[in-house]
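Asker: just need the structure, nothing else, for what follows:
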Amino acid sequence: MLNAATYLRRELLIRLVRAFDEGILREEIDRIPVTLRPKEKESSRCCIYHDRAVIKYRLMALLGISAEEETDEARTLASYLDEILDSSATSSQVGGGTEVFERHHAPLSVCGPACSGCPDSQVVSTPNCRGCFARPCVYSCPKNAISVVGGRSQIDHSKCIKCGKCISACPYHAIVKTTVPCEDACPVNAIRKNDRGVAEIDFARCIFCGKCFMACPFGAVMERSQIVGVLSAMKRGEKLVAMVAPAADRQFPGTIEQLLAACSKAGFADVIEVALGAEKTTAHETAEFLERMESDPKTLMTTSCCPAYVNLVGKHLPDLIDHVSLTPSPMVYTHEMVRGSDPAAKTVFIGPCVAKRSEARRKGVDFVLSFEELGAILAGRRIDVLSCEPHPVERPAAATARNFARSCGVTEAVLDEATGKIPGFTLASKQIDGIDRKTCAMLKLYASGKLQANFLEVMACPGGCVNGPCSLM
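Answerer: Numbers count the residues shown, from 1 in each chain. Model (predicted):
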């Protein structure tokens, strides 16, 4: 969703790209907070110095540095940039077990100075209360937590269970439930305030769905970018192959072929549709599904394309592990196609997903860029997609593969592929269109067999990848 935090993030990305291309990023990066928040400008927080601190941490995230790892507040952004550009630093390994590794390489970070420290979620009575004679709020409360004092309802929070019955009963909409947006959005309770009241992500629980990133009204949850690594590799003349996700359709103006041409113009040595990898995913996942059905027609298989869902199963739903397809995602197949034709090439996945960064690290994909970051490169280099001649493609991807990024798209592709393979077989498919607390409970019911299906498509984002946390829509 477009808002002030989104606009600032995109402005910083474009400034970073242009300064890098002009060869002045090291000299200018520490001046950007001052340039954007001069003394005479009104601050959006308590003071311009607070604003500048937030912008500094945003720039750290765009450099790929986690705010949680800061040990010296006086350290300059230029020194962080030097660290990123140092190839020996980027290739270092981190010991200490899986949790430490996840924390060090996690694609998300929290900017403490940006966090508002939202009050805990609770049900509150607002000044809209009229103290009406009917007292529907009092009579609807199952815990006797509401009384009317001085002509206004009051809620005893030691008794309140936040059931919301009083909210529904009030004819004046005077009772509301306040929320902590990031905590409310997280489907696995992976983000909580620490003892300082600042949001903190538990990476042992986090599935990197990006819902907290989208939900925070203060933009305190940040994505750690790899854009400087991509720009640096381009400058060194390395062969970078842009792998554009199917979700790119309608994210940018023009056709997918024009977008591929724009990527080529932006400096990528070659470009490829990830939808071509989706064709392989379809073929292999269908074969795997039919094999499972032949062994046990009542078994359940779920899709494996969504990395946030795969993380969810691995960390929170162990009973579903054996039901998840073993077929690699379209990104992985596309990466293998690129490396198969040129082992020296470096792959850059471009999509709308935060969780793809964690999958890419596991699967050997070199870089991940969001659509926002690609848009910043195109804007920074003044490349107009609509003015680009369509990129010549040897063979366009199948329509079903290009539709992978939408809810039911994977199901439709598998159904199309499976038709006629087993005479009389019926695909009993279901879909989980967005991961939240309710659908997590539903997934447990599928794992236990209390909900029936033989093919279950799971997408972390409602509507599919096209509505991912890093989409442009």
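Asker: only C-alpha atoms for contact and neighbour calcs from this point on.
Answerer: Noted.
Asker: now for the residue nearest to residue 345 when sequence neighbours are not counted: which residues touch it?
Answerer: Computed as Cα to Cα, 6 or more residues apart in numbering, the closest residue to residue 345 that is not its neighbour in sequence is residue 239, at 5.2 Å. For residue 239, the contact set (Cα atoms under 8 Å, 6 or more residues apart in numbering) comprises 268, 269, 270, 344, 345, 346.
Asker: let's have those residues in a markdown table, adding pLDDT and neighbour count.
Answerer: Output for the contacts of residue 239, formatted as a markdown table (pLDDT from 0 to 100; neighbours: other Cα atoms under 10 Å):
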| residue | pLDDT | neighbour count |
| --- | --- | --- |
| 268 | 98 | 24 |
| 269 | 97 | 17 |
| 270 | 96 | 18 |
| 344 | 94 | 12 |
| 345 | 96 | 18 |
| 346 | 96 | 21 |
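Asker: quick one: those residues as CSV, columns for distance to residue 470 too.
Answerer: Converted to CSV, the contacts of residue 239 look like this (distance: Cα to Cα, whole Å):
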residue, distance to residue 470
268, 21
269, 24
270, 23
344, 29
345, 25
346, 22
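Asker: where do the helices sit along the stretch 351-473 of the chain?
Answerer: 355-363, 371-380, 399-402, 409-418, 437-448 (DSSP state H, counting those that start in this stretch).
Asker: hmm, who's touching the longest one?
Answerer: Judged by Cα under 8 Å, 6+ apart, the contacts made with helix 437-448 from elsewhere in the structure are 187, 188, 317, 319, 320, 323, 432, 451, 452, 453.
Asker: from residue 280, how far off is the third one?
Answerer: Taking Cα to Cα, to the nearest Å as the measure, residue 317 falls 27 Å from residue 280.
Asker: and if you look at residue 330?
Answerer: 7 Å.
Asker: okay, these two: which has more neighbours?
Answerer: A count of neighbours by other Cα atoms under 10 Å puts residue 330 above the other of residue 330 and residue 280, at 26 against 18.
Asker: which residues touch the more buried one?
Answerer: 274, 275, 276, 277, 278, 279, 280, 281, 305.
Asker: quick one: secondary structure of the fourth one?
Answerer: For residue 277, the secondary-structure state derived from DSSP: H, G, I helix; E, B strand; the rest coil is helix.
Asker: I'd say it and residue 334 touch.
Answerer: Yes: under the criterion of Cα atoms under 8 Å, residue 277 makes contact with residue 334 at 4.6 Å.
Asker: before we move on, the earlier item: can I get the helices of the stretch 351-473 of the chain in CSV with distance to residue 313?
Answerer: As requested, the helices of the stretch 351-473 of the chain are arranged in CSV below (distance: least, Cα to Cα, whole Å):
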stretch, distance to residue 313
helix 355-363, 14
helix 371-380, 26
helix 399-402, 25
helix 409-418, 19
helix 437-448, 9
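Asker: looking at the ones you listed, which is closest to residue 35?
Answerer: For the helices of the stretch 351-473 of the chain, proximity to residue 35 was assessed by Cα to Cα; helix 371-380 is nearest, at 17.8 Å.
Asker: now do that closest one: everything it contacts.
Answerer: Contacts of helix 371-380 (Cα under 8 Å, 6+ apart): 10, 13-15, 17-18, 227, 248, 251, 262-263, 266, 350-352, 384, 470-472.
Asker: buried among these? Make that a ChimeraX selection.
Answerer: Selecting the buried subset of those in ChimeraX, with 16 or more other Cα atoms under 10 Å as the burial test, is done by:
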select :10,13,14,15,17,18,227,248,251,262,263,266,350,351,352,384,470,471,472
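Asker: could you identify the most distant pair in the contacts of residue 330?
Answerer: 276 and 305 (14.0 Å).
Asker: neighbour count for these two, which is higher?
Answerer: The neighbour comparison of residue 276 against residue 305 (other Cα under 10 Å) goes to residue 305, with 26 against 23.
Asker: which residue sits closest to that one, ignoring its sequence neighbours?
Answerer: residue 329 (4.7 Å).
Asker: show me the shaky parts of the protein.
Answerer: Residue ranges of the chain with pLDDT under 70: 1, 87-104, 420-425.
Asker: can you list the domain ranges for it.
Answerer: Using automatic domain parsing, the domain parsing of the chain gives 4-111+185-224, 122-178, 230-467.
Asker: ranking the ones you listed by burial, who's on top?
Answerer: domain 230-467 (a mean of 19; mean count of other Cα atoms under 10 Å).
Asker: tell me how far it lies from the chain's centre.
Answerer: Distance of domain 230-467 from the chain centroid (Cα atoms, centre = their mean, to the nearest Å) equals 14 Å.
Asker: end to end on that domain, go ahead and measure it.
Answerer: Note: domain 230-467 ends 24 Å apart using Cα to Cα.
Asker: wait, is residue 250 part of a strand?
Answerer: No: under three-state DSSP, residue 250 sits outside any strand and is assigned coil.
Asker: need phi/psi at residue 350.
Answerer: Main-chain dihedrals, residue 350, degrees, to the nearest 10: phi -120, psi 120.
Asker: my read: it touches residue 360, true?
Answerer: No: if you go by Cα under 8 Å, residue 350 and residue 360 don't touch, sitting 11.1 Å apart.
Asker: on that earlier part again, export the contacts of residue 330 to a markdown table and tack on distance to residue 197?
Answerer: A markdown table is the format used below for the contacts of residue 330 (distance: Cα to Cα, whole Å):
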| residue | distance to residue 197 |
| --- | --- |
| 274 | 42 |
| 275 | 44 |
| 276 | 46 |
| 277 | 44 |
| 278 | 43 |
| 279 | 47 |
| 280 | 47 |
| 281 | 44 |
| 305 | 36 |
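Asker: closest to residue 67 among these?
Answerer: When these are compared against residue 67 (criterion: Cα to Cα), the nearest one is residue 305, at 30.0 Å.
Asker: what helix or strand does residue 196 sit in?
Answerer: Per DSSP states H and E: residue 196 is located in neither a helix nor a strand.
Asker: residue 116 versus that one, what's the distance?
Answerer: 11 Å.
Asker: thinking again about what came up before, what's the closest of the contacts of residue 330 to residue 127?
Answerer: Using Cα to Cα, the contacts of residue 330 come closest to residue 127 at residue 305, 48.2 Å.
Asker: list the residues that contact residue 352.
Answerer: Contacts of residue 352 (Cα under 8 Å, 6+ apart): 247, 370, 371, 465, 466, 467, 468, 469, 470, 471.
Asker: rerun that using 10 Å as the cut-off
Answerer: Counting by Cα atoms under 10 Å, 6 or more residues apart in numbering, residue 352 makes contact with 245-248, 251, 368-373, 465-472.
Asker: quick one, phi psi at it?
Answerer: Dihedral angles of residue 352 (phi, psi; degrees, to the nearest 10) stand at phi -100, psi 20.
Asker: and it, how close does it get to residue 49?
Answerer: 32 Å.
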